[in-house]
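Asks: sequence below, structure please.
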Amino acid sequence: MTADSRGPVEPPPTPWVFPPIDLTDDQELLAVGADLEPGTILAAYRSGLFPMPLKNGGDIGWWSPDPRAVLPLDELRVSRSLRRSCRRYRTTVDVAFRDVVARCADPSRPHGWIDNQIHEAYSRLHDLGWAHSVETWADDELVGGLYGLCIGGLFAGESMFHTATDASKVALVKLVEVLDDGRPRLLDVQWNTEHLSSLGVVSLRRPDYLDYLAGVLATPIPAGFVANSQPDLDGSQ
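Replies: Predicted coordinates:
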């Protein structure tokens, strides 16, 4: 099955049961193992978790940071120089998902964590209409982008990349434009950094994040993420 214009396809439910999230350890790790089937991944995000391979390789860890980094859509900081970059590049939605993930998974990047099993798992979710990408182009060259999972009003950002100045930030601006449709939404970026804080990202304690999450899951997905989204051919932001 693949997604169509009606929206994402719900996969078979996971056979796994995650422990209560308040059992998360001091390293913000709740569980190890299970699988990366679509139903398992969706169940995890709906409960406030996300998968990431352990540093020793192989096993999948299920994580719940406390605090959790989120970007309020109305607090994205767009500098004058970034606005100029938005006019310089062209953006698209969901036209090069696998290429974006591959670029994010480049093993030469520091602190890389995206391996083949993650790439394949999110590609399956993309085929079902749950995972999405935003691409930034200089002419016909892919120079930046991001990808993540959209479940109702949640967009869980997974990774971004750039090979040209501001290209990943331009993708973020486009993402916020797609999400900001007046409905309750939560843009989750997992862990905060100084760079993300400079863009408007704030931190929520886990209970507050879970309350917010519960309130947005029933929100319809943005129109821009309906299957077969068309390219932003004129490059407008």
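Asks: just how off-centre is the helix or strand bottoming out on mean pLDDT in the chain within its chain?
Replies: Lowest on mean pLDDT, DSSP states H and E among the helices and strands of the chain sits helix 194-198, with a mean of 91. The chain centre lies 17 Å from the centre of helix 194-198; the measure is Cα atoms, centre = their mean, to the nearest Å.
Asks: buried residues in that helix, which are they?
Replies: For helix 194-198, burial by neighbour count (16 or more other Cβ atoms under 10 Å) applies to Leu196. C-beta coordinates here come from the backbone N, C-alpha and C atoms, glycine included.
Asks: identify the residues contacting Ser203.
Replies: Pro67, Arg68, Ala69, Val70, Asn192 (Cβ atoms under 8 Å, 6 or more residues apart in numbering).
Asks: buried members of the residues you listed into ChimeraX, please.
Replies: Buried members of the contacts of Ser203 can be picked out in ChimeraX with the line below, counting by 16+ other Cβ under 10 Å:
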select :68,69,70,192
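Asks: quickly name whichever of the contacts of Ser203 is closest to Asp35.
Replies: Proximity of the contacts of Ser203 to Asp35 (Cβ to Cβ) peaks at Arg68, which lies at 24.1 Å.
Asks: do a quick rundown of the strands in the protein.
Replies: Secondary structure of the chain (DSSP state E): strands at 29-32, 50-53, 60-63, 68-70, 90-93, 131-138, 141-151, 154-162, 186-190, 202-204.
Asks: could you say what helices and strands the first one packs with?
Replies: Put plainly, it is strand 29-32. Contacts defined by 3 or more Cβ pairs under 8 Å, 6 or more residues apart in numbering; DSSP states H and E place strand 29-32 against strand 60-63.
Asks: the strand it packs on: partners in the sheet, and parallel or antiparallel?
Replies: Paired strands of strand 60-63, with direction, are strand 29-32 (antiparallel), strand 50-53 (antiparallel) (DSSP bridges).
Asks: and the gap between the residue of the chain most remote from its centre and Asp74?
Replies: The C-alpha centroid of the chain is most remote from Arg80, which lies 25.4 Å away (Cα atoms, centre = their mean). From Arg80 across to Asp74, the span is 19 Å (Cβ to Cβ, to the nearest Å).
Asks: give me the neighbour count for Arg98.
Replies: By other Cβ atoms under 10 Å, 14 other residues sit near Arg98.
Asks: just His162 next, same as before
Replies: 17.
Asks: that one contacts Ala138, correct?
Replies: No - the pair His162 / Ala138 is not scored as a contact, 10.8 Å apart, by Cβ atoms under 8 Å.
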